[in-house]
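S.K.: here's a sequence, model it:
(one chain, ligands or ions: 1)
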Amino acid sequence: MILFFGTRPGKQIVQALERATCSHCHQRGSLRLISQPNYFHLFWLPLFTISTSRFAECTHCKRVYYKEEFTREMEQEMGL
Ligand SMILES: [Zn+2]
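M.R.: Coordinates of the predicted model:
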């Protein structure tokens, strides 16, 4: 019997940040948070989430912010 298991990315969750300011172009409310969960699967059935990668993107200047670059303001709105 062959076991198929491994990790797969889950469904992306996009959340608009309405109060945070982009520190690159200084636009307010242009940021959105993208969360991408990674889960462990067995025969493609998701068992549990291993990690969730998060990044923010500015819809105005297209600047991408990774976790280390989030400002206090962004984190507050994300509820981190
Ligand atoms: Zn921007």
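S.K.: which residues touch residue 30?
M.R.: For residue 30, the contacting residues are 22, 58-61, by CB atoms under 8 Å, 6 or more residues apart in numbering. The C-beta positions use only the backbone N, C-alpha and C, and glycine is treated the same way.
S.K.: rerun at 7 Å
M.R.: Contacts for residue 30 (CB atoms under 7 Å, 6 or more residues apart in numbering) come out as 22, 58-60.
S.K.: how about the residues of the protein near the ion?
M.R.: 22, 24-25, 58, 60-61, 63 (CB under 5 Å from the ion).
S.K.: same list, the contacts of residue 30, but as TSV with secondary structure and distance to residue 74 please.
M.R.: Listed next are those as TSV, based on DSSP: H, G, I helix; E, B strand; the rest coil; distance: CB to CB, whole Å:
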residue	secondary structure	distance to residue 74
22	coil	9
58	strand	11
59	coil	14
60	coil	15
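S.K.: tabulate these (JSON lines), appending pLDDT and neighbour count.
M.R.: Conversion of the contacts of residue 30 to JSON lines gives the following (pLDDT from 0 to 100; neighbours: other CB atoms under 10 Å):
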{"residue": "22", "pLDDT": "97", "neighbour count": "22"}
{"residue": "58", "pLDDT": "98", "neighbour count": "20"}
{"residue": "59", "pLDDT": "97", "neighbour count": "13"}
{"residue": "60", "pLDDT": "98", "neighbour count": "15"}
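S.K.: report the two of those separated the most.
M.R.: Greatest spatial distance in the contacts of residue 30: 22 and 59, 9.0 Å, computed using CB to CB.
S.K.: setting aside sequence neighbours, what's the nearest residue to residue 56?
M.R.: Distance criterion CB to CB, 6 or more residues apart in numbering; nearest residue to residue 56, sequence neighbours excluded, is residue 65 at 4.3 Å.
S.K.: cool, thanks, signing off.
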